[in-house]
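Peer 1: Give me coordinates for this.
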Amino acid sequence: MATLLEYKCPCCDGAISFDSSLQKMKCPYCGTEFDMETLRAYDEERVSDQPDEMSWQTGGGSEWIPGEEEGMRVYVCNSCGGEIVADEHTAATSCPYCSNPVVMQGNLSGMLRPDYVIPFKLDKKAAKAGLENHLKGKKLLPKIFKDQNHIDQIRGIYVPFWLFDADVDANIRYKATRVRTWSDSNYDYTETSFFSVHRAGTIGFERVPVDGSSKMADDLMESIEPYDFSEAVDFQTAYLAGYLADKYDVSSEESVQRANERVRRSTEESFAQTVLGYTSVVPEHTGIRLSNGTARYALYPVWILNTTYEGKQYVFAMNGQTGKFVGDLPVDRKAFWKWLVGLTAICAAAAYAGAWLLWLLGFLG
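Peer 2: Coordinates of the predicted model:
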């Protein structure tokens, strides 16, 4: 079967054809003309575009040292299925995710041993203070929530993370415009120039974190980043004493898609920052190829706080190393509508004042 080949205008995506009178390719829609050499180079670049190649060696973690896992237990919540790891002396009487009672089940057989751990630097007192600071200055927060709020549960948890390293070779092509305007005594003019901008280079990524627990919301865990990995140490079970350790239930292989998303987004943002001096810039093609992709297994410290208001549970998280605190809050609907009406009134007054000023200037002129 014959294959149809159609050339597209890089400016407007319209079909272009050869104009014999000009001896150039011309777009009948936007009028842009292309000499053959320019179009050939553009066409060769499109042909050379490579699909993404993003694969990792996901062999993070190691086997437990004989006897090291003794005295450690896995607890499973009968309500939400959350799994936590603690030493045999931990009084795990409630689930840090849903606050329901937990029961002991099994041990660490079949689980990989973490490569690294970042020890807790901030205690439970700091976590409570973090919540108090989080509530300050929130004008739309219900007063009763702030005044009578109590913490249902607060737990220090070592959350499992897969840390991805990779070198990224990227080729990104952008469609860019540059607009120039001027006027004379008769007309206003606008000139729009179109450009095909190409960027290529290599970026190294180290320890891109993806949490390995399905019970932990990815956006919540990403919100308390970053962690200072310079304070990470080789894993020892002693660091778990007095804390809970969440058992990973998302493997490194299953975390690859999330890692790829984070790497792609960071790469695109970094390259886009180099495309300057244009009125508009739109990515047209992105090709990413990974090399030396590996994964390691680590435990990061997180404080989880649960509180209930009007029958709804609110979950907060604090970085146990840096103190960064995040979490959603309820909104006082009456205060919100009062604020919205006030804002609308201010905008309306400003618009009226602007219109009156324009009328006055016209009248005086």
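
Peer 1: tally of neighbours for residue 304?
Peer 2: Neighbour count of residue 304, defined by other Cβ atoms under 10 Å: 24. C-betas here are computed from N, CA, C, even on glycine.

Peer 1: what's the spacing between it and residue 188?
Peer 2: Distance, residue 304 to residue 188, by Cβ to Cβ, to the nearest Å: 60 Å.

Peer 1: got any ranges where the chain has weak pLDDT?
Peer 2: In the predicted model, the chain carries pLDDT under 70 at residues 1-7, 17-20, 36, 39-50, 64-79, 81-110, 138-150, 331-365.

Peer 1: What are the boundaries of the strands in it?
Peer 2: Applying DSSP state E to the chain gives strands spanning 17-19, 24-26, 33-34, 72-77, 83-87, 102-104, 116-117, 153-183, 188-211, 233-234, 244-246, 280-309, 312-319, 325-327.

Peer 1: want to try CSV for those strands, with distance to residue 257 as columns?
Peer 2: What follows is the strands of the chain, written out as CSV (distance: least, Cβ to Cβ, whole Å):
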stretch, distance to residue 257
strand 17-19, 42
strand 24-26, 41
strand 33-34, 39
strand 72-77, 26
strand 83-87, 22
strand 102-104, 30
strand 116-117, 23
strand 153-183, 11
strand 188-211, 9
strand 233-234, 29
strand 244-246, 20
strand 280-309, 13
strand 312-319, 23
strand 325-327, 23
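
Peer 1: So which of those is nearest residue 261?
Peer 2: strand 188-211 (9.2 Å; Cβ to Cβ).

Peer 1: Pull out the buried positions in the closest one.
Peer 2: By neighbour count on 16 or more other Cβ atoms under 10 Å, the buried set for strand 188-211 is 194-197, 199, 205, 207-211.

Peer 1: and if you look at stretch 8-24?
Peer 2: Here stretch 8-24 shows 9-11, 16, 24 as buried, counting by 16+ other Cβ under 10 Å.

Peer 1: what's the closest of the residues you listed to residue 162?
Peer 2: residue 10 (40.3 Å).

Peer 1: Beta-bridge partners for the nearest residue to the closest one once chain neighbours are set aside, please?
Peer 2: Closest residue to residue 10 apart from its sequence neighbours, by Cβ to Cβ, 6 or more residues apart in numbering: residue 196 at 5.4 Å. Beta-bridge partners recorded for residue 196 (DSSP bridges): residue 175.

Peer 1: What distance do you get for residue 196 to residue 14?
Peer 2: 15 Å.

Peer 1: try residue 38
Peer 2: Between residue 38 and residue 14 the distance is 17 Å, computed by Cβ to Cβ.

Peer 1: sorry, back to before: with distance to residue 253 as extra columns, can I get the buried residues of stretch 8-24 in CSV?
Peer 2: CSV is the format used below for those (distance: Cβ to Cβ, whole Å):
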residue, distance to residue 253
9, 43
10, 40
11, 43
16, 45
24, 52
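
Peer 1: Which one of those residues is nearest to residue 250?
Peer 2: Of the buried residues of stretch 8-24, the one sitting nearest to residue 250 (Cβ to Cβ) turns out to be residue 10, at 42.1 Å.

Peer 1: Pull the number of nearby residues for the residue lying closest to residue 324 once chain neighbours are set aside.
Peer 2: Excluding its sequence neighbours, the residue lying closest to residue 324 (Cβ to Cβ, 6+ apart) is residue 224, at 4.9 Å. Neighbour count for residue 224, taken as other Cβ under 10 Å: 23.

Peer 1: okay but residue 224 is in contact with residue 326, surely?
Peer 2: Yes: Residue 224 lies in contact with residue 326 (Cβ atoms under 8 Å); the separation is 5.7 Å.

Peer 1: Identify the contacts common to the two.
Peer 2: Shared contacts of residue 224 and residue 326, defined by Cβ atoms under 8 Å, 6 or more residues apart in numbering, comprise 317-318.

Peer 1: Contact partners for the residue lying closest to residue 12 once chain neighbours are set aside?
Peer 2: With Cβ to Cβ, 6+ apart as the criterion, residue 12 has its nearest non-adjacent residue at 4.5 Å, and that residue is residue 30. Residue 30 is in contact with 9, 11-12, 14, counting by Cβ under 8 Å, 6+ apart.

Peer 1: what's the closest of these to residue 294?
Peer 2: The closest of the contacts of residue 30, once distances to residue 294 are taken by Cβ to Cβ, is residue 11, at 42.5 Å.

Peer 1: what number of residues lie near the residue lying closest to residue 152 once chain neighbours are set aside?
Peer 2: Of all residues not flanking residue 152 in the chain, residue 306 sits nearest, at 4.6 Å (Cβ to Cβ, 6+ apart). Applying other Cβ under 10 Å, we find 20 other residues in the vicinity of residue 306.

Peer 1: So residue 306 sits against residue 151, correct?
Peer 2: Yes: judged on Cβ under 8 Å, residue 306 makes contact with residue 151 at a distance of 7.1 Å.

Peer 1: Using the record's assignment, carve the chain into domains.
Peer 2: Domain ranges of the chain: 1-48, 72-170+205-277+291-337, per automatic domain parsing.

Peer 1: No more questions from me, cheers.
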